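[1] okay, structure incoming, though there's no sequence with it:
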């Protein structure tokens, strides 16, 4: 019974207010359900592959997800134990040790755009690599420059010049401790910059907190951020900018 | 004396180690100073106009900045008292009451791109407008949809459809309280989304904290954020994406 | 063009992948918009009247909302200035000074259920009254007992006995400072209890933080909470339980 | 000596003020002790079985509690080691691995009501199951829908429609990360909703903090919450609503 | 109907399980109520006068409390406006401007003991005085030494020597900023010390937070603390020690 | 050279300002050093034995301290590994497993006073026992009542009556989770109460934070607190009150 | 009676253990008091003038301090109202509006050293000036460079070159928002750098928190910090380094 | 093409605005790169050796850094596993177990200055030693005094007298728990003091937080701090003061 039918039945006294109210709510829910019925590929709607956060799951749970999955799939923050379980179920799975990402399925060709990925120090590389792989899973390539931290500001000039020359679509900048690098990069280029705080650092403000806060307080308008260690999010954001630009 | 000269002098014993060290450091600093000597227009280097945060300055201080400024200039979070002082110094200044932005100089034509600006509720509009004006100052127009909050999820469908149809470059989504809207928008579109937390809400997690944290914890990879109430930053980020795309 | 049509056109090569993708997304959004088209009365769908948080709005903004509103409407945390502006626009508006709630429209008869509202001390009464009025706006009456705080635990026995005898549907317990009262009430009754922390108290843990945390850490399973000072939420939650029970 | 006797003795000078004061206090305490003497079954007074939090206890301590217990008993957050120790003492003990709950004794028939239990993602299932078992221990059944998170909002329509059709008494909604789901569910139904934040998520706002804060800041009045991972509390609250309703 | 009667009626089938359960709960509550019926003077039971926190109350509310009060009464953190309203209702009220305490009624003779009250600096005096007045209201006198802060450690020797010589019962030590003084005093004397953090100080750890934390982290076992600015609590605690000692 | 000599020398020009300044400072320091030269037994000055916090030290470090110690000595939060190392060096050492306290030397006779020690639940016993042992090391005995938590308020009456009858000097009340018990005890007795928060509880406010904050926010003036899990501090404070009282 | 006398009396039985203990403690305290008896000028002992924090004091309190003071004296964070009251008592007082510092007495000649003071932006100048004045009060001059923030890194080269050329003793670097500047300066110079976080910035990490945390997390070893807005502390620290160096 | 050439080309219309803009930016970056081209020894520019934080790196990563390093190098917070890997690659590496510092290369002669290093307690020694070694790596010697904590204030006089007599350049004071010692030392000497908070202590304010906050809130102007456990930073800061002084 549609909305109009329901209201008419109510007006004519054939159904009570209670019955009408319930009918309308059910109808409302059904129509929503119907409209959402086309689930199709999430990757079509969003252009983003499914990513499963492995750290809080057991190897068995992760393997079960791998077993049931149909399309391209990533597991982030995966341990070697996770990989053992996954590769038993899906022998074609690949483990990238540095970024701790397991992938199942072939990465698309990296022809939908190019991003830059910078890391301030050695400790920031795993998360930076996670961002690179996420972009790769969306068909976006990357130019990477690691170990360009503030202690050696001058190391920044070369990479920025190359990224500008290559006309990349966006730059992910990973930095822990005091998290200065993204602000500096953002103040030196017109390319959109995504700040990626990293959980290095200890003491008060450690674990990425100071890095995140200083990026949020940036004096360089235009810098945006994702959460601490969220390489997946930073890579997806930069790649989304690339994809959007590529559609022009 | 250049670096090489200095080192040779030192090797030949004509200067002491102390003298060489100081000379090298001075030389280093001078060269940096020289290379930075071309200050030119910051707006050329970054494409972003100067923005002065007025709230922590007295009307007199703000007026002094306005008086000395040469190019296009914005003041954010400005009070009517700020505007009185500024317009005494610069009669051509314009005050946008809703966003509390004072502008001096003509906005560029909005032909360098288009962004969407969404606000979850009435309280989020001032900050959303700040974002819109910032983008406008960079030559980027905006389609705005306010009052599309989660309590009425269904109000979201129309705006998203229009933004997608108009092929906008990026979307700024302003939301306070629990800050759900940016995640929802990001999960429904391929357009890059910048989350803008707003300091509405009270109690624990109020003042924008819950909104910011829930955006950082988003389950929609690709959403990036700026700090609470930082409409300038969100607008600059979205406009930077538009400018980059327009360069293709 | 429906989903199926779109996919067929794509399969037959009449439209490109790009065109199909955009069509599907637009179709998706339109269908959502359509299914949500029946907005009807939010109060029908949720049984909850519109509540506007006044504190962060100017009197003029609040008056504009009042002017445009059609049905029953509440403003919470409203100042006398808010009321002046509202009553200019809507002379029938009523201001409850204790709870700082402005109401426009007639409250429903309180015949859909009954809740208890307890307050630990004098400072907790305004928020407790806000809860009572919210329930009243949903047709649910209240028995109120104020000043039954822990310092006089014994004052609790009488009210609990009366509430139990009256077979109320739920109890809201407002408490600031160390927030013990809700745990105590919850441990002494089978009636569902909603803890309402209040922003009294000062020093570390003041502003309601200690009250909220101690309610979250309660050793009495079954106690639920709302945010600090959120009388609207507590009243709505208790009334929702009453309405649900009344439907049986 | 009763209160009145004491006061008379004092008035007549037979006892000193010091003696009267001490006598009154002792009398006061004794009477409280007496009135509380009927301890009976806590489950009668509260309708809630004893629940022992195992995580901070050694297997030996937990086994000792099990050994001494008389009625129905639950252990929450129990490890396999806890279960080994308990089942040595009480062979009839049962371990639910998913929820990490050990139960001793027969669950009552689930005929005192029905609740819904929703979980946003796989990581939220253990805590959701804890809530389900707690309700079951109070004689309340559950309809469960897991993996209905925001990333797939549309997956929500079916479950909500079924829960509404089944006229359940309350809904527990478990969600980690940004914790949006409870707000969404609460905005779409009149059934009382208890938000259950889950300690998934990492970085700033991780460990359930963002989820809890966003539920506290909810824009849907009527949503109540329990602490992070407190499935016992959420299940007890929802079941208490069911029991209350069933008493009508 | 008593507990035993109820159970017998149930065993004999004269009342249903439902009826028995409700009867038992009511009986339980009534007996508690009865046992608590002797409310008498709270000051007899606890030896502590009623203290009303004025800051979060309006002058009218405070005056109403004063008007209704029967015995000795204190208002803490009271403004001159509070005092005006109170003295209109109770002309005998007295306002101590330094401590912002209003008292109604005669203080008892200070013959039940003696405490020391130390303050590190000028800013700590108001809260120290609040502690002194609270003790006075319990019949306990005070020796006060203000401005003995760490910057002049040597100023401490004289006061400590005098307090020791006078055999005081306890010492309250008020300190803001880094809050070192209570630890120092506690390490130099056998007299029980109550640390009273004060909300002086600014920046991170300001508002008394650093003072409280450093007192909690004290390396001098035996130091106890109350909350920031809680002179009432510190005075009551020290006086309670004095009263207890005096009873010997 | 004394202070006066120095100043005279300076006035007469025999030493420069620089020399005088240094001399005065050295003199100042020497005199302090001299005045402090009598170190004597710390236990004489403070009545408190040396307590070494073992948790952050290696077994070897702890054993070295034990080896070098002369008088009575306690190690707190000691593991079995610590004990092995200590007993190798000092075979007379005794390990109390429940409280994780190692003692070397004979405890004094418990004739200097008596305190009460209450614990809300099983998880609070280890810290409560630590407090008891600390008091014992100062010659103060204890009456202990464990498992008297709020969920069974009525269990409190008996213990309080006994403690009052025995005229104990002070009461330590250990409680985790929401930390209500100390406030309740303090509101029911005139005996000085020291609140001892315990790091049970999980989720937000877990680890003892909610317990500590609710004790700091107590509505029962006179309750003082020590830091989370600081049984040593609570025991020392209560025993100090007993010793002071015993000196009368 | 000295320590030795006391011990002998005790050994010979002429005084009891109790008497000896008290005598020793009194003696101990008296000797400390004696050794500290030379209070003299604190500015001699520390080289630092008395600084009174005015913000939390009333104008009357501040004037009373000024009236009683003998030597050179500073008031920090003073309002114009403070100055009115002070200059009534001490007409020679001088008010520096920018830094909100009141001084009484003549500043010493600035011949004891030179420091650099840098400020990142306009909002940082008041606190930077406070640091400069504090150093001046210790006889240390300053070279100031304001508005050299990160957004214009290149503006840094000139000032650093000049400071190096002038061989200054230390540099204070004031910065709010993300607080990058001190790290940058410290990484470019061998001169000791004191970071001075400033409470500009808003949103999360505002009020100087992000600035402080990023300075604490600095990747440039050697940078030290003071608290937010503590220009007095930063100036005193830098001047102390200068004085120390000048003594060589 | 230089800046001037570019601008002329643009003015004469030979290149477009787009081309000019890109050219200027590239030129800008190249010039920066060029000016920074002299990287030379960082230790020359800063006088500070390279320090690698080992804790968040695997032994293999640390060994790779050691293998590639050319000059003097330190690893901080290194485990024995780190040392095994490093010494395999570089047999000349030395491991200091107490401070957990690995060094490669010969320490310079300690003839560039002298600092004092004080530690409040045994737990503070490892971090104090880290500071000492860092200073040693910069050619600065140290006088160390450990176990001079507040509980025995008098133990402070001797060390301070010696440090003053030796005319040391700066003092590092390490302290955990309540962190009082640096304030005390700073108030008693004119020598510059660097506070080094240590992560001892537990409960609220533990992990070094209370120590850091109390140092930031110090009432002794002139005390500066580094982050918790940052012995490297404290040692570098104190040594930098010494080096600066030595240059006079």
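    Yep, it's here. Everything numeric in this text was worked out from a predicted model, so none of it was measured.
[2] can you list the domains in chain A?
    A:3-104, A:114-246 (automatic domain parsing).
[3] straight-line length of the last one, end to end?
    Which is domain A:114-246. 10 Å (Cα to Cα, to the nearest Å).
[4] roughly how far out does that domain sit from the chain middle?
    Taking Cα atoms, centre = their mean, to the nearest Å, one finds the center of domain A:114-246 at 13 Å from the center of the full chain.
[5] how about it, does it get close to chain B?
    Yes. Domain A:114-246 lies within reach of chain B by Cβ under 8 Å from any Cβ of the partner chain, at A:134, A:167, A:169-170, A:187-192, A:194, A:212, A:216-218, A:221-227, A:230, A:232-237, A:239-241, A:243-245. For every residue, glycine as well, the C-beta is placed using N, CA and C.
[6] out of those residues, which end up buried?
    A:134, A:169-170, A:187-192, A:194, A:212, A:216-218, A:221-227, A:230, A:232-237, A:239-241, A:243-245 (16 or more other Cβ atoms under 10 Å in any protein chain shown).
[7] which of those fall within helices?
    A:134, A:187-188, A:212, A:216, A:232-237, A:239-241, A:243-245 (DSSP state H).
[8] residue A:174: what's it in contact with?
    A:117-120, A:124-125, A:127-128, A:131, A:196-198, A:231, A:234 (Cβ atoms under 8 Å, 6 or more residues apart in numbering or on different chains).
[9] go again using 7 Å as the cut-off
    By Cβ atoms under 7 Å, 6 or more residues apart in numbering or on different chains, the residues touching residue A:174 are A:118, A:119, A:120, A:124, A:127, A:128, A:196, A:198.
[10] and it, which of the three is it?
    strand (DSSP: H, G, I helix; E, B strand; the rest coil).
[11] and if you look at the one 5 residues further on?
    Taking three-state DSSP as the rule, one finds residue A:179 in the coil state.
[12] that one reaches residue A:214, doesn't it?
    Yes. Between residue A:179 and residue A:214 there is a contact under Cβ atoms under 7 Å: 4.5 Å.
[13] of the two, who's got more company?
    Taking other Cβ atoms under 10 Å in any protein chain shown, residue A:179 and residue A:214 do not tie; residue A:179 has more neighbours (39 against 34).
[14] distance-wise, check that one relative to residue C:184.
    According to Cβ to Cβ, to the nearest Å, residue A:179 stands 46 Å off from residue C:184.
[15] and what of residue A:229?
    42 Å.
[16] again, but for residue A:230
    Between residue A:230 and residue C:184 the computed distance is 42 Å (Cβ to Cβ).
[17] on that earlier part again, run through the contacts of residue A:174 and flag the ones next to chain F.
    By Cβ under 7 Å from any Cβ of the partner chain, no member of the contacts of residue A:174 lies near chain F.
[18] so which of those residues sits lowest on pLDDT?
    On pLDDT alone, residue A:120 ranks lowest of the contacts of residue A:174, at 88.
[19] my guess is that one contacts residue A:178, does it?
    No. With contact defined as Cβ under 7 Å, residue A:120 does not count as touching residue A:178 (9.4 Å).
[20] which residues do those two both contact?
    By Cβ under 7 Å, 6+ apart, no residue touches both residue A:120 and residue A:178.
[21] mind listing the helices for chain A?
    Using DSSP H, helices in chain A cover A:3-11, A:17-35, A:42-46, A:59-68, A:80-89, A:125-137, A:157-165, A:181-188, A:209-216, A:231-247.
[22] between residue A:179 and residue A:214, which contacts overlap?
    Common neighbours of residue A:179 and residue A:214 (Cβ under 7 Å, 6+ apart) are residue G:214.
[23] report whether the expected contact of residue A:90 with residue A:66 is present.
    Yes. At 4.9 Å, residue A:90 and residue A:66 qualify as touching, with contact defined as Cβ under 7 Å.
[24] joint contacts of these two?
    residue A:104.
[25] name the residue in these two with the higher neighbour count.
    Neighbour totals were compared for residue A:90 and residue A:66, and residue A:66 leads with 21 against 17 (other Cβ under 10 Å).
[26] can you tell me how far residue A:243 sits from residue H:108?
    Distance, residue A:243 to residue H:108, using Cβ to Cβ: 55 Å.
[27] next: residue A:123.
    28 Å.
[28] of the two, which one has the most company?
    When residue A:123 and residue H:108 are compared for neighbours, residue A:123 comes out ahead with 23 against 14, by other Cβ under 10 Å.
[29] got any ranges where chain A has weak pLDDT?
    A:1-8, A:10-11, A:16-47, A:149-154, A:248 (pLDDT under 70).
[30] give the contact list for residue A:173.
    So, once contact is read as Cβ under 7 Å, 6+ apart, residue A:173 ends up touching A:118, A:181, A:182, A:185, A:193, A:195, A:196.
[31] right, I mislabeled it, should have said residue A:48
    A:138, A:236, B:221, B:222.
[32] can you do 6 Å?
    Contacts were defined as Cβ atoms under 6 Å, 6 or more residues apart in numbering or on different chains; by that measure residue A:48 touches A:236, B:221.
[33] can you tell me how far it is from residue D:201?
    19 Å.
[34] same question for residue A:93.
    Relative to residue D:201, and taking Cβ to Cβ, residue A:93 is found at 25 Å.
[35] more neighbours: which of these two?
    residue D:201 (29 against 21).
[36] contacts only, for the more buried one.
    Residue D:201 touches B:217, D:176, D:177, counting by Cβ under 6 Å, 6+ apart.
[37] return the distance of the residue lying closest to it once chain neighbours are set aside relative to residue B:221.
    Ranked by Cβ to Cβ, 6 or more residues apart in numbering or on different chains and with sequence neighbours excluded, the top spatial neighbour of residue D:201 is residue D:177, at 4.3 Å. As judged by Cβ to Cβ, residue D:177 and residue B:221 stand 11 Å apart.
[38] then residue A:56?
    17 Å.
[39] what does residue A:157 give?
    32 Å.
[40] one more: residue A:181?
    22 Å.
[41] do residue A:71 as well
    From residue A:71 to residue B:221 the distance is 16 Å (Cβ to Cβ).
[42] check residue A:87 too.
    24 Å.
[43] what do you get for residue A:99?
    15 Å.
[44] again, but for residue A:130
    Here residue A:130 is placed at a distance of 11 Å from residue B:221 (Cβ to Cβ).
[45] residue A:122 now?
    Residue A:122 is 25 Å from residue B:221, by Cβ to Cβ.
[46] residue A:103 now?
    15 Å.
[47] kindly report the same for residue A:198.
    In terms of Cβ to Cβ, residue A:198 sits 17 Å off from residue B:221.
[48] again, but for residue A:78
    Distance from residue A:78 to residue B:221, by Cβ to Cβ: 16 Å.
[49] count the residues that sit near the residue nearest to residue A:9 when sequence neighbours are not counted.
    Leaving aside its sequence neighbours, residue A:9 sits nearest to residue A:15 (Cβ to Cβ, 6+ apart; 4.6 Å). A total of 19 residues lie near residue A:15 under the criterion other Cβ under 10 Å.
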